[in-house]
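> model the following, please.
(2 chains)
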Amino acid sequence: SQTIHQWPATLVQPVGSPLSLECTVEGTSNPNLYWYRQAAGRGLQLLFYSVGIGQISSEVPQNLSASRPQDRQFILSSKKLLLSDSGFYLCAWSIGLLTSGANVLTFGAGSRLTVL
Amino acid sequence: SQQGEEDPQALSIQEGENATMNCSYKTSINNLQWYRQNSGRGLVHLILIRSNEREKHSGRLRVTLDTSKKSSSLLITASRAADTASYFCATDSGGGADGLTFGKGTHLIIQP
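Residues are numbered from 1 along each chain as shown, chains lettered A, B, ... in the order given. Down below sits the predicted model:
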């Protein structure tokens, strides 16, 4: 069965420090991978998605970047965190439309980032 | 940008009652999905309804879709305390891999 792991679960970082959140998927090949951010009491904002190794699409201009060094690994990074980067970050994967006919997402448990 | 908008933002009912949440969206869709999020956790997919479907059932869940009104509703029958969570609708418009667009969610509280 497929599983998704996301870490760290909780992170408190000072303004200006770097960030690295990691997400890995097991039990599937060539998944579509996603990073979403959820601000307090808000919906989910799509940050990045990837359909393959080294292929990153950015949905919003921001202080963050994403990389996909391996098929089932997705990393969210920042060189210098801002206060506004605080939030709940969720990684997700899907098997894609060709297989299922619909883009159904499976989410990780999330990483809560607090920037002070 | 936000595609779906859930209504109400918060809902509190007694255990055993039915809970109805609504979602409105703006552009044409391929399908609409509902997800559940327990506090501080990731989202879990509940049910998907395609644009050519009007109603779908899964256990105690019933979803309707009205594409002419660009709206959907999620009904949870015979609610339980364990149903307490936030519920989000998500629309899939592009037919590609570019993710889903989520609403802000309805926070449902089931009073025991």
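> tell me where chain A is predicted with low confidence.
Along chain A, the model assigns pLDDT under 70 to residues A:61, A:96-101.
> so how far is stretch B:28-40 off the chain centroid?
For stretch B:28-40, the distance between its averaged C-alpha position and the chain's averaged C-alpha position is 5 Å (C-alpha atoms, centre = their mean, to the nearest Å).
> got it, and stretch B:11-28?
Chain-centre distance of stretch B:11-28: 7 Å, with C-alpha atoms, centre = their mean.
> and that stretch, what's its mean pLDDT?
Confidence over stretch B:11-28 (mean pLDDT, whole number) is 95.
> mind listing what's buried along that stretch?
Residues of stretch B:11-28 classed as buried under the neighbour-count rule (16 or more other C-beta atoms under 10 Å in any protein chain shown) are B:11, B:13, B:19-25. Placement of C-beta: from N, CA and C, glycine included.
> and the two most separated of those residues?
B:13 and B:25 (24.6 Å; C-beta to C-beta).
> so which bits of chain B are right by chain A?
Neighbours of chain A within chain B, by C-beta under 8 Å from any C-beta of the partner chain: B:2, B:4, B:30-31, B:33, B:35, B:40-45, B:48, B:50, B:88, B:90, B:92, B:95-105.
> which of those count as buried?
Buried among the residues of chain B next to chain A (16+ other C-beta under 10 Å): B:4, B:30-31, B:33, B:35, B:41-43, B:45, B:48, B:88, B:90, B:92, B:97-105.
> so residue A:103 makes contact with residue B:97?
Yes. With contacts defined as C-beta atoms under 8 Å, residue A:103 counts as touching residue B:97 at a distance of 6.7 Å.
> and the residues of chain B next to chain A, which of them are in strands?
Restricting the residues of chain B next to chain A to those inside strands, with DSSP state E as the criterion, leaves B:31, B:33, B:35, B:43-45, B:48, B:50, B:88, B:90, B:92, B:101-102.
> JSON lines for those residues, including pLDDT?
Rendered in JSON lines, the data for these read as follows (pLDDT from 0 to 100):
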{"residue": "B:31", "pLDDT": "91"}
{"residue": "B:33", "pLDDT": "95"}
{"residue": "B:35", "pLDDT": "97"}
{"residue": "B:43", "pLDDT": "96"}
{"residue": "B:44", "pLDDT": "97"}
{"residue": "B:45", "pLDDT": "96"}
{"residue": "B:48", "pLDDT": "94"}
{"residue": "B:50", "pLDDT": "92"}
{"residue": "B:88", "pLDDT": "95"}
{"residue": "B:90", "pLDDT": "94"}
{"residue": "B:92", "pLDDT": "87"}
{"residue": "B:101", "pLDDT": "89"}
{"residue": "B:102", "pLDDT": "91"}
